[in-house]
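Turn this into a model:
(one chain, ligands or ions: 1)
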Amino acid sequence: MSSKPRILIVGAYGQVGRELQRSFVDAGEIITRDRDTVDLAAPDQIRTMVRDAAPTIILNAAAYTAVDRAESQPEVAMAVNAQAPAILAEEALRTGALLVHYSTDYVFDGSKVGPWVETDKPNPLNIYGSSKLAGEEAIQKVGGKYLIFRTSWVYGPHGQNFLLTMLRLGRERESLNIVDDQFGGPTTSIELADATYSIVSGILEGRFGDVSNWAGLYHMTCSGSVSWYSFAKAIFTRTQALLDGKVPAVNPIHSSEYPTPASRPHNSVLSNEKLYTVLGVRLAPWESALDEAVRRLDVQQKQA
Ligand SMILES: NC(=O)c1ccc[n+]([C@@H]2O[C@H](COP(=O)([O-])OP(=O)(O)OC[C@H]3O[C@@H](n4cnc5c(N)ncnc54)[C@H](OP(=O)(O)O)[C@@H]3O)[C@@H](O)[C@H]2O)c1
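Model prediction:
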């Protein structure tokens with residue numbers, strides 16, 4: 001990057017936030033904020049945070065991500081996922097800062113045959129998806145220099161995610177029943193953070209030209225798609241050593257056999273063509289991204 005920006009990472013210790021810290025480590029002055037320093041349900045605290053930090057780039061990796069709990073806490077989900085991004089966008093517009101924000105495949109209802117594109121009409125099935133959609137719309141309404149990356153099935157070496165849950169359950173149980181009728185694009189926090197860094201670098205270097213050329217909403221996932229069941233099988237194929245060879249049996253089930261408070265889309269596979277066409281970035285296929293995440297877990301385990 002040509003000049004050293006001030007980069008405010010909000011939600012800096014969530015799964016994506018931690019990887020953004022890694023990817024942007026040499027990109028400028030990094031300022032990290034998380035729940036212990038700001039409550040994103042409190043608008044005044046958000047404004048104070050941004051004004052004190054005076055960033056040129058805001059990376060918002062924070063969100064209320066508990067999909068099922070959101071059904072019983074809609075006000076908190078809306079505050080963190082819709083109102084907080086709106087305030088971040090207003091603050092960014094006021095100072096000319098760049099706002100990078102993440103959204104979700106759960107804005108879609110799953111009814112499409114084939115991958116969803118950015119111009120498809122959202123129709124969330126749950127409170128989490130509705131709150132994230134409201135966040136997207138609020139940022140777009142404010143305008144300015146913003147990027148919204150809709151991603152899906154995020155996991156990585158840290159945090160609460162499907163990979164780490166499978167490893168924990170794999171140690172505890174002999175067999176697991178996993179849903180085989182929901183399809184999506186598993187995406188590592190590693191790939192998301194590296195792609196974000198590459199795009200932000202391009203913007204700072206002027207590679208994409210004027211803001212009107214690049215500001216907007218993009219789908220950003222690892223390529224390919226899979227069901228949760230097949231993803232679980234792929235995880236256990238790669239983690240035999242981590243589990244000392246004790247791999248559980250994995251059985252496919254229907255969503256109806258695993259009722260949850262929040263409904264989930266059957267097909268939330270996102271097309272990444274706009275990301276590639278406009279910004280020239282492609283994330284790795286989900287299989288090789290999974291290889292890399294498992295490799296990092298292996299290294300972590302050996303260092304522990
Ligand atoms: N995870 C997925 O599968 C997935 C899928 C699609 C899109 N996304 C999007 O990707 C982005 C990153 O997600 P992630 O998986 O990295 O999430 P994550 O690991 O749950 O991290 C979210 C961070 O936000 C913080 N946070 C939540 N409420 C807060 C509040 N009121 N005040 C301050 N901080 C608060 C959390 O703090 P605590 O840990 O203390 O709660 C956590 O550090 C989000 O925009 C998410 O919607 C995620």
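
okay, CA-based contacts and neighbour counts for the rest of this
OK.

Model confidence for the residue in the stretch 201-304 of the chain that the ligand sits nearest to, exactly?
Closest residue of the stretch 201-304 of the chain to the ligand, C-alpha to the nearest ligand atom: Thr221 (9.2 Å). In the predicted model, Thr221 carries a pLDDT score of 98.

Gln301 too?
On the pLDDT scale, Gln301 is placed at 74.

Just confirm Leu176 is within a helix.
No - with DSSP: H, G, I helix; E, B strand; the rest coil as the criterion, Leu176 is strand rather than part of a helix.

surely it meets Ile253?
No - with contact defined as C-alpha atoms under 8 Å, Leu176 does not count as touching Ile253 (9.8 Å).

Show me which residues of the protein sit near the ligand.
Proximity of the chain to the ligand, by C-alpha under 6 Å from any ligand atom, involves residues 11, 13-17, 34-35, 38-41, 61-65, 80, 102-105, 151-154, 159.

give me that answer again for 5 Å
Where the chain comes near the ligand, counting by C-alpha under 5 Å from any ligand atom, the residues are 11, 13-16, 34-35, 39-41, 61-65, 102-104, 151-154.

Now go through those residues and say which are in helices.
Per DSSP state H, helices hold the following members of the residues of the chain next to the ligand: 15-16.

Filter the residues of the chain next to the ligand down to the buried ones, PyMOL style.
Applying 16 or more other C-alpha atoms under 10 Å to the residues of the chain next to the ligand, the buried members can be selected in PyMOL as follows:
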select buried, resi 11+13+14+15+16+34+39+40+41+61+62+63+64+65+102+103+104+151+152+153+154
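
Tell me, what's the model's pLDDT at the residue in the stretch 51-200 of the chain positioned nearest to the ligand?
Nearest to the ligand, among the residues of the stretch 51-200 of the chain, is Ala62, at 3.3 Å (C-alpha to the nearest ligand atom). Reported pLDDT at Ala62 in the predicted model: 98.

next one: the one 5 residues further on
Looking at Val67, its pLDDT is 96.

Just to check, it is in contact with Thr260?
No - counting by C-alpha under 8 Å, Thr260 is not a contact partner of Val67; they are 9.6 Å apart.

More neighbours: these two, which one.
Comparing Val67 with Thr260 by other C-alpha atoms under 10 Å, the one with more neighbours is Val67, at 19 against 12.

As a check, name the ranges of all strands in this protein.
Under the criterion DSSP state E, the chain contains strands at 6-10, 29-33, 57-60, 98-104, 146-151, 154-155, 175-179, 183-184, 187-188, 216-219, 226-227, 249-253.
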